[in-house]
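Asks: kindly generate the corresponding structure for this input.
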Amino acid sequence: MTMINGQIIGYVRVSSLDQNIDRQLEGKQLDKIFIEQASGKDANRPKLAELINYARQGDMVVVHAMDRLARNLGDLRNIVKNLTQKGVKIEFLKENLTFSGDDAPMSVLLLNIMGAMAEFERSLIRERQREGIELAKRKGLYGGRKKVLSDEQWALLKEKIAKGGKVAELARELKISRETIYKKFRQSDQPKS
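Replies: All right, here's what the predicted structure looks like:
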């Protein structure tokens, strides 16, 4: 176990709200935790930026896995370097690796190899997903998102708006957002009132 003289800070990233947050750092005693709900490819991760700003010399940042922290190998290296230069240790539970900034060449090699493997694995998943979607499209099983408004509803909606109907009231009536109506007008290049 690595000795620390500061706080133990957890970082959890989930792609969707229905993912289990507790599983990532289960059983780990933490002084503070930062939870991010963002896609792995998303560069805008405010909780990660908050964590980096919050962490101080002597603290330990604990993350379930490298792919939970970084979008790609370059991102992983930069985050680890940024934290360790501040005197913050970083521990990856899944990979069983800890970095402190004064790491042996073998540790740096492992960071690069494991980070590259995580990036490679994510690219394979995306490729399989694209292939699955293409196959489903060819079989006629993938149609994308369903229309919010049928053509009949849209025609009736345009008619009501032309007669002075208020967009907000009509949106509530149809249980859709006003933005959906405005977007539909923009797409159809029709004047709206």
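
Asks: need the three-state assignment for the closest residue to residue 48 other than its chain neighbours.
Replies: Closest residue to residue 48 in three dimensions, ignoring its sequence neighbours and counting by C-beta to C-beta, 6 or more residues apart in numbering: residue 36, at 6.0 Å. C-beta here means a position set from N, CA and C on the backbone, and glycine is covered the same way. Under the three-state scheme (DSSP: H, G, I helix; E, B strand; the rest coil), residue 36 adopts strand.

Asks: for the biggest helix by length in the chain, packing partners?
Replies: With secondary structure taken from DSSP state H, the chain has its longest helix at helix 105-138. Secondary-structure packing of helix 105-138 (3 or more C-beta pairs under 8 Å, 6 or more residues apart in numbering; DSSP states H and E): helix 66-69, helix 73-85, strand 97-99.

Asks: run the angle between it and helix 73-85 for me.
Replies: Here helix 105-138 runs at an angle of 140 degrees relative to helix 73-85 (axes from the mean of the first three to the mean of the last three C-alpha atoms, to 10 degrees).

Asks: for the helices and strands packed on helix 105-138, which one ends up most surrounded?
Replies: Comparing those by mean neighbour count (mean count of other C-beta atoms under 10 Å), helix 66-69 ranks first with a mean of 23.

Asks: mind listing what the residue located most distally from the centre of the chain touches?
Replies: When distances are taken from the C-alpha mean of the chain, residue 163 lies farthest, 43.7 Å away, according to C-alpha atoms, centre = their mean. Taking C-beta atoms under 8 Å, 6 or more residues apart in numbering as the definition of contact, residue 163 has no neighbours.

Asks: just the one 5 residues further on next, same as before
Replies: When the contact criterion is C-beta under 8 Å, 6+ apart, the partners of residue 168 are residue 178.

Asks: ok, back up a step: after the longest helix of the chain, which helix or strand is next?
Replies: helix 151-162 (DSSP states H and E).
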